[in-house]
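Q: for reference, the sequence and a predicted model appear below.
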Amino acid sequence: FFFKPSFFFSLGNMAGSEHDARMAAEMMAAQGGGRGQADAEAAAQQRAEQEEQRAAMLAAILLPAARERLARIELVKPEKARAIQEMLLGAARQGAIREKVSEDRLIELLEQVNERSEKRTTKVTIQRRRMAFDDSDDDDSDE
């Protein structure tokens, strides 16, 4: 048999409904509803492993000074740091990186990312229309 969780929440007063909610959660877990939490934990563990692999690859292709600079960039602008990391990892996967990346090369990559992001940004300029009664010579003073 299967009851909807809303059935349990509609029973009793506030103290009773908390107990009923806990019982409903236990019943859902017993019927297989607890798989969602296990799946979420597995996904979180997989993401953590991927981040560890990513960090290990970056450590392998970056000199210590470049790694420090990238860490500082990540503190201030995580999206730029992520873009640079993606560029580095993509180049490493393609075999384009023959030696460890220096801080100077990292600065060049940063400039490339900055140029790309500047091209994407939209600039808005506001131009105020002048009306017939609007005179820039008037300074609204009665002198």
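A: Thanks, I have the structure now.
Q: where does residue 125 land on pLDDT?
A: You'll see residue 125 listed with a pLDDT of 82.
Q: longest helix anywhere in the protein?
A: Among all segments of the chain classified by DSSP state H, the helix with the greatest residue count is helix 35-61.
Q: could you say what helices and strands it packs with?
A: Helices and strands touching helix 35-61, as assessed by 3 or more C-beta pairs under 8 Å, 6 or more residues apart in numbering; DSSP states H and E, comprise helix 64-76, helix 78-94. Yep, even glycine has a C-beta here, placed from its N, CA and C like the rest.
Q: ok, 7 Å please
A: Helices and strands touching helix 35-61, as assessed by 3 or more C-beta pairs under 7 Å, 6 or more residues apart in numbering; DSSP states H and E, comprise helix 78-94.
Q: what does the helix it packs on rub up against?
A: Residues from elsewhere that reach helix 78-94 (C-beta atoms under 7 Å, 6 or more residues apart in numbering): 54, 57, 58, 61, 70, 73, 74, 97, 101, 109, 110, 113.
Q: just the buried ones out of the residues you listed, please.
A: 58, 61, 70, 73, 97, 101, 109, 110, 113 (16 or more other C-beta atoms under 10 Å).
Q: need the pLDDT of residue 55.
A: 90.
Q: ok, how many other residues are close to it?
A: For residue 55, the neighbour count with other C-beta atoms under 10 Å is 12.
Q: for residue 61, see how far away it is.
A: 11 Å (C-beta to C-beta, to the nearest Å).
Q: so where's the chain shaky on pLDDT?
A: Where the chain drops to pLDDT under 70, the residues are 1-25, 27-35, 120-122, 132-143.
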